[in-house]
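J.: here's my sequence, what's the structure:
(chains A and B, ligands or ions: 3)
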Amino acid sequence: MSWDSDTRARAEEIIVRYPQRRSAVMPLLYLAMAADGKLTDEGMREVAEHTGMTPAQVYSVASFYSMYKRELGEHLVSVCRSVSCHLLGGDDVLAAVVDETGIRPGQTGAITVEAVECVGACGGAPAVQVDYELVEGVSPAQARALCRWLLDERPGFVIGDDLQARFGGQRSFDWGPAEPVGALGPVPAFEPYGTTGGGA
Amino acid sequence: MTDSILFARMEAHPADSHTLARYEATGGYAALRKALAMPPEEVIAEVKASNIRGRGGAGFPTGVKWGFLPPDIRPRYLVVNADESEPGTFKDRQLLERDPHQLVEGIVISAYALDVEHAFVYVRGEYPRPARRLQRAVDEARAAGYLGRDVLGTGRNIEITVHLGAGAYICGEETALLNSLEGKRGEPRIKPPFPAIAGLYAKPTIVNNVETLSNVPWIVANGGAAYDAIGPEGSRGTRLFSLSGHVERPGNYEIVMGMSWRDLIFGLGGGIRSGKQLKCWIPGGASAPWFVPALHLDEPVTIDDTGRLGSMLGSGAVVVMDETTNVVAAALSVVRFFAHESCGECTPCREGTSWLQRILERILGGAGRPADLDLLLDVSDNISPGLRWPPAMTTICPLGPSVVSPITSIMSHFRDEVAAMIPGAVTAGV
Ligand SMILES: Cc1cc2nc3c(=O)[nH]c(=O)nc-3n(C[C@H](O)[C@H](O)[C@H](O)COP(=O)(O)O)c2cc1C
Ligand code: SF4
Ligand code: FES
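T.: Numbers count the residues shown, from 1 in each chain, chains lettered A, B, ... in the order given. Ligands and ions are numbered 1, 2, ... in the order given. Have a look, this model is predicted:
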């Protein structure tokens, strides 16, 4: 499906931020994912057209990075397995997520589950991200509750501060005031590729 | 003398340290006004005089790097490295979320000094919240005239683009980052040429870390000499350390370098959790060889002392492990990270990292062979010949040799423990 006028307008808004069109390929890939819920061949063709690249070049770039995904559920749960989280029980958190959802790392059911490397929350280990919104200091029991909530409530968006309050514990540092901005799905919530809007 | 440069505002004003109103009310953008009244070369001279060394990992003197720009080629670019992905590191996230204007002011001052019109901040894709805070600060600064066309009426144009990565640690390496920003795969380039000569779009480019540039407003406001008066020679200024692992009080700490590891881990960090003993720690991120209490606890935390002792301060990530830690499992976590993040361009890195991962996995699974002890070091030696420090390079970038650090660490400090996990292997103690 080709992009609607709103998506095309967002694409142009992104492209003017760079001296060369090709530099916009990464944000446009996010835009394509936000439009389709995952990275599709059509999405990559649109990105190619807007950046002046060939679809093969766009595919080659997209396949290099782990956050451009061809298969995605409604939400993405990423559990950190790097060393600081490993030391504080990250393996148990991952096991709890897999057990609660029945979804193995790298697999997609109603949601997608993955084991990832350090997400920069090592002082609040073990760390989990939902649609790249961070939750720190997550116990296995909290990880289960988080997954149940995602599967049972099927929230249309997630807000980092809410996730942290409901399912998190020790943080790496004081986050400061809450901000009412959330992710609409498994694409980083950064304008203009899709957030719940607002701002603090 | 000051102990807090970077964190002072957020500690005094936790509710709104990220806003323009608070930033201006606490003296923000005064350094920019001061800089704009100076000739650019004088601003560069202050940064040189500060003797600040880069906080991204390599510790290269910032003023010296700035001096490498060829005088007559335009445009020049400034690229801020906010890809922070080295396991154990979370300091730049705090700067971006809690005091983004400090970075924005540092960028604008630096761009003015370096005659740059377009700066980029490459933020890792897993940091949408820090990126949102930064983007809002950029927008606020532009609306207030600190950024954009005709900055504060000087006729200078300075723009900042916030760019999100997409999940690749290697894009923290500066030339991989530049390829990524050009819309290519994030594979490192062969150096030379260095970015200062041919960087973004083959134009002269300065790449600096978030923390490095966040210090620039203070340096300009107080003078390079004042910064140079803080801390020991070779490690001037304050520095952020990310403490994690089995410490009582994990978090980011801003310290004047020169204190001992004991003061950092047991003083600031509150010691080891649950009354356990300290077994070892990683002094500077996953790439750094590990330290042990018997040899290193009373050594000073400085760039040069840590290098002399065979490791590095790197990204300032201190990962603490207690006596219950299975060092093979911990090393595997680090090795798997590098195996996962190898870009695959160089054979020793691509093959060596996953080979080491497989050996550690079988030792951990109880299926290790006695010969694996030598094999770990042989494979490491193929990636980094001679197993020297700093490592010999057979690869395009330093990621390859980094995987050797956890291996040599467990083999020099905990060889018996590794051997004890291998059926039939002989431990020195037996
Ligand atoms: C594999 C690898 C990963 C790196 N990751 C980062 C990073 O995430 N952030 C960073 O600032 N520097 C990182 N660096 C260092 C950069 O290449 C570069 O030296 C640094 O950004 C320069 O800034 P500075 O002089 O202000 O330290 C990395 C280097 C390597 C080899
Ligand atoms: S050393 Fe590894 S990460 Fe670096 S360029 Fe070579 S293959 Fe890529
Ligand atoms: S090691 Fe898990 S967040 Fe850094």
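
J.: what segments of chain A are helices?
T.: Ranges of helices in chain A, per DSSP state H, are A:5-15, A:25-36, A:41-51, A:55-62, A:83-87, A:90-101, A:140-153, A:160-167.

J.: would you pull up how far the fifth one lies from the middle of the chain?
T.: What that stands for is helix A:83-87. 21 Å (CA atoms, centre = their mean, to the nearest Å).

J.: ditto for the longest one
T.: Relative to the chain's own centre, helix A:140-153 is displaced by 17 Å; criterion: CA atoms, centre = their mean.

J.: measure how buried B:Phe194 is and give me the count.
T.: A count of nearby residues for B:Phe194, using other CB atoms under 10 Å in any protein chain shown, gives 16. Yep, even glycine has a C-beta here, placed from its N, CA and C like the rest.

J.: domains in the chain, by residue range?
T.: If you meant another chain, say so; for now it's chain A. Domain ranges of chain A: A:5-64, A:75-191, per automatic domain parsing.

J.: my question was about chain B
T.: Split by automatic domain parsing, chain B gives B:10-228, B:238-322, B:327-419.

J.: now the strands for the stretch 251-400 of chain B?
T.: Along the stretch 251-400 of chain B, the stretches classed as strands by DSSP state E, counting those that start in this stretch are B:251-256, B:278-282, B:317-322.

J.: can I get those strands in CSV with mean neighbour count, mean pLDDT and distance to ligand 1?
T.: Shown next, in CSV, are those (neighbours: other CB atoms under 10 Å in any protein chain shown; pLDDT from 0 to 100; distance: least, CB to the nearest ligand atom, whole Å):
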stretch, mean neighbour count, mean pLDDT, distance to ligand 1
strand B:251-256, 21, 98, 15
strand B:278-282, 25, 98, 15
strand B:317-322, 27, 98, 11
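
J.: burial count for residue 126?
T.: No chain specified, so I'll use chain A. 30.

J.: hm, I was asking about chain B
T.: By other CB under 10 Å, the residues close to B:Glu126 number 31.

J.: surely it and A:Glu114 touch.
T.: No. Assessed by CB atoms under 8 Å, B:Glu126 is found out of contact with A:Glu114, at 11.7 Å.

J.: what residues are up against the residue nearest to A:Arg10 when sequence neighbours are not counted?
T.: Leaving out its chain neighbours, the residue that sits closest to A:Arg10 by CB to CB, 6 or more residues apart in numbering or on different chains is A:Pro192, at 4.6 Å. By CB atoms under 8 Å, 6 or more residues apart in numbering or on different chains, A:Pro192 lies in contact with A:10, A:13-14, A:31.

J.: filter these to the buried ones?
T.: Buried subset of the contacts of A:Pro192 (neighbour count, 16 or more other CB atoms under 10 Å in any protein chain shown): A:10, A:14, A:31.

J.: reformat those residues as JSON lines; add pLDDT.
T.: Converted to JSON lines, these look like this (pLDDT from 0 to 100):
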{"residue": "A:Arg10", "pLDDT": "94"}
{"residue": "A:Ile14", "pLDDT": "96"}
{"residue": "A:Leu31", "pLDDT": "96"}
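
J.: ok, so of those, who is nearest B:Cys397?
T.: Nearest to B:Cys397 among the buried ones among the contacts of A:Pro192: A:Ile14, at 29.0 Å, using CB to CB.

J.: neighbours of the closest residue to the closest one other than its chain neighbours, how many?
T.: Of all residues not flanking A:Ile14 in the chain, A:Pro27 sits nearest, at 4.7 Å (CB to CB, 6+ apart). For A:Pro27, the neighbour count with other CB under 10 Å is 26.

J.: ok, A:Pro27 - contacts?
T.: A:14, A:193, B:163-164.

J.: which ones among these are found in strands?
T.: Judged by DSSP state E, strands contain the following of the contacts of A:Pro27: B:163-164.

J.: could you flag which of the contacts of A:Pro27 are buried?
T.: Among those, those classed as buried by 16+ other CB under 10 Å are A:14, A:193, B:163-164.

J.: so where's the stretch 251-400 of chain B shaky on pLDDT?
T.: The stretch 251-400 of chain B contains no residues with pLDDT under 70.

J.: please list the residues of it that sit near chain A.
T.: Applying CB under 8 Å from any CB of the partner chain, we find that the stretch 251-400 of chain B lies next to chain A at B:251-252, B:282, B:286, B:317, B:319, B:321, B:325, B:329-330, B:333-334, B:336-337, B:340-341, B:343.

J.: returning to what we had before: out of the domains of chain A, which gets nearest to ligand 1?
T.: Closest to ligand 1 of those is domain A:75-191 (CB to the nearest ligand atom; 9.5 Å).

J.: using CSV, write out every CA atom in stretch B:270-278.
T.: Provided in CSV are the C-alpha atoms of stretch B:270-278 (Å, rounded to 0.1, in the frame of the first residue of the first chain):
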residue,chain,number,x,y,z
GLY,B,270,28.1,2.0,49.3
GLY,B,271,30.1,-1.3,49.0
ILE,B,272,28.8,-4.7,48.0
ARG,B,273,25.2,-5.8,48.3
SER,B,274,24.1,-8.1,51.1
GLY,B,275,27.4,-7.9,52.9
LYS,B,276,29.2,-10.0,50.3
GLN,B,277,32.9,-9.7,49.3
LEU,B,278,34.1,-7.9,46.2
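
J.: quick one on the thing from earlier: and the buried ones among the contacts of A:Pro192, which is closest to B:Glu173?
T.: Nearest to B:Glu173 among the buried ones among the contacts of A:Pro192 is A:Ile14, at 24.9 Å by CB to CB.

J.: that closest one and A:Leu31 touch, don't they?
T.: Yes. Counting by CB under 8 Å, A:Leu31 is a contact partner of A:Ile14 at 6.8 Å.

J.: the closest residue to B:Asp3 other than its chain neighbours: what's it in contact with?
T.: Distances taken as CB to CB, 6+ apart put B:Val256 closest to B:Asp3, at 5.8 Å, once the chain neighbours are dropped. Contact analysis of B:Val256 by CB under 8 Å, 6+ apart lists B:3, B:230-231, B:237-239.

J.: for B:Pro61, state which of these is nearest.
T.: Closest approach between the contacts of B:Val256 and B:Pro61, by CB to CB: B:Gly237, at 11.7 Å.

J.: let me see the contact set for that closest one.
T.: Neighbouring residues of B:Gly237 by CB under 8 Å, 6+ apart: B:5, B:50, B:52, B:215, B:227, B:230-231, B:256-257.

J.: phi first, then psi, for the residue of the stretch 201-350 of chain B found nearest ligand 3.
T.: Going by CB to the nearest ligand atom, ligand 3 is nearest to B:Ser244 of the stretch 201-350 of chain B, at 6.9 Å. Backbone torsions for B:Ser244, taken as degrees, to the nearest 10, come to phi -150, psi 180.

J.: count of residues packed around it?
T.: Here the number of neighbours of B:Ser244 (other CB under 10 Å) works out to 31.

J.: next up, the contacts around the spatially most central residue of chain A.
T.: Using CA atoms, centre = their mean, the residue of chain A that lies closest to the mean C-alpha position is A:Asp131, 3.3 Å off. A:Asp131 makes contact with A:75-76, A:158, A:183-189 under the criterion CB under 8 Å, 6+ apart.

J.: out of those residues, which are close to chain B?
T.: Here is what survives when the contacts of A:Asp131 are matched to chain B using CB under 8 Å from any CB: A:183, A:188-189.

J.: nearest to ligand 2, of these?
T.: Distance to ligand 2, by CB to the nearest ligand atom, is smallest for A:Pro188 among these, at 23.6 Å.

J.: next one: that closest one, what pLDDT does it get?
T.: We have a pLDDT of 96 for A:Pro188.

J.: and it, how many neighbours does it have?
T.: Here the count is done by other CB under 10 Å, and A:Pro188 has 30 residues near it.

J.: re the thing from before, measure the residue nearest to the centre of chain A to B:Pro232 for me?
T.: A:Asp131 is 44 Å from B:Pro232, where distance means CB to CB, to the nearest Å.

J.: before we move on, what about B:Met411?
T.: B:Met411 is 32 Å from B:Pro232, where distance means CB to CB.

J.: who has more neighbours, these two?
T.: Legend: neighbour count by other CB under 10 Å for B:Met411 and B:Pro232, higher for B:Met411 (18 against 15).
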